[in-house]
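> I'll drop the sequence and a predicted model, then ask my questions.
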Amino acid sequence: MKTLQDSLPSEFLEEYRDTPAYKLKDAVVLKEFGSFSEHQVRWPGPQKNVFFWVLIEGGKGIGWNENPATGWSFPVIKVKPEWIAAITEDLKLPFKKRLLGASPDGRTNSWELTCPVCSKPWKPQTTMLSMVRETCPKCSYCAVVDYNS
Ligand SMILES: [Zn+2]
């Protein structure tokens, strides 16, 4: 699995050890955005010169900012739920699902889903449908769940 240090330049590991981003160097990367990626989503933080950024497990974003005056920095932000919802279509990450057994009325199955973005587990409403668009109750990430696969 790709971690933050795999997504950032080698200088990041050598010269930016005193930064909040460095503490996250082993975090699993969910998606890359901007230059060198197929997903052109604007950096959702205040920095003006971020040309590449990654969303990591836990819902944080780390930018690669190149300020013309002061050089590189790697800002860390908490990505807002509405942003996660907005980029959901680009993410294509499935919820992890776990079968809990038959539903109380015995007509279908009960499941536990775990959000791939913020790791929140929860039990969605039981349904007779096989394909359902589910939304994480914590971060609003949404994706279609195929209960038959
Ligand atoms: Zn979530």
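The structure has been received and is ready for your questions.
> could I get the full set of strands for this protein?
Assigned by DSSP state E, the chain shows strands spanning 29-34, 50-56, 60-67, 71-73, 76-78, 96-102, 109-114, 121-122, 131-135, 142-146.
> of those strands, flag the one that's most buried.
strand 50-56 (a mean of 22; mean count of other C-beta atoms under 10 Å). C-beta: built from backbone N, CA, C; applies to glycine.
> spatially central residue for this structure, please.
residue 117 (3.9 Å; C-alpha atoms, centre = their mean).
> if we ignore the residues flanking it in sequence, what's nearest that one?
Once flanking residues are discounted, residue 117 sits nearest to residue 141: 4.4 Å by C-beta to C-beta, 6 or more residues apart in numbering.
> tell me how the chain divides into domains.
4-79, 96-146 (automatic domain parsing).
> save those domains as a markdown table, and put in distance to the ion and mean pLDDT too.
What follows is those, written out as a markdown table (distance: least, C-beta to the ion, whole Å; pLDDT from 0 to 100):
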| stretch | distance to the ion | mean pLDDT |
| --- | --- | --- |
| domain 4-79 | 7 | 92 |
| domain 96-146 | 3 | 89 |
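> check contacts around residue 65.
Residue 65 makes contacts with 47, 48, 49, 50, 51, 72, 73, 74, 75, as judged by C-beta atoms under 8 Å, 6 or more residues apart in numbering.
> and with 7 Å instead?
Each residue near residue 65 by C-beta atoms under 7 Å, 6 or more residues apart in numbering is listed here: 47, 49, 50, 72, 73, 75.
> Provide the count of other residues in contact range of the first one.
So that's residue 47. Neighbours of residue 47 under the rule other C-beta atoms under 10 Å: 16.
> excluding chain neighbours, what is closest to it?
Here the residue nearest residue 47, using C-beta to C-beta, 6+ apart, is residue 65, at 4.6 Å.
> look up the residues forming beta bridges with the one you found.
Taking DSSP bridges, one finds residue 50, residue 73 as the beta-bridge partners of residue 65.
> please renumber so the chain begins at 33
All set: I'll call the first residue 33, so the last point we hit is now residue 97.
> re the thing from before, phi, psi for the residue nearest to residue 149 please.
Here is the backbone geometry of residue 173 (degrees, to the nearest 10): phi -60, psi 140.
> isn't it up against residue 116?
Yes - counting by C-beta atoms under 7 Å, residue 173 does reach residue 116; the two are 5.0 Å apart.
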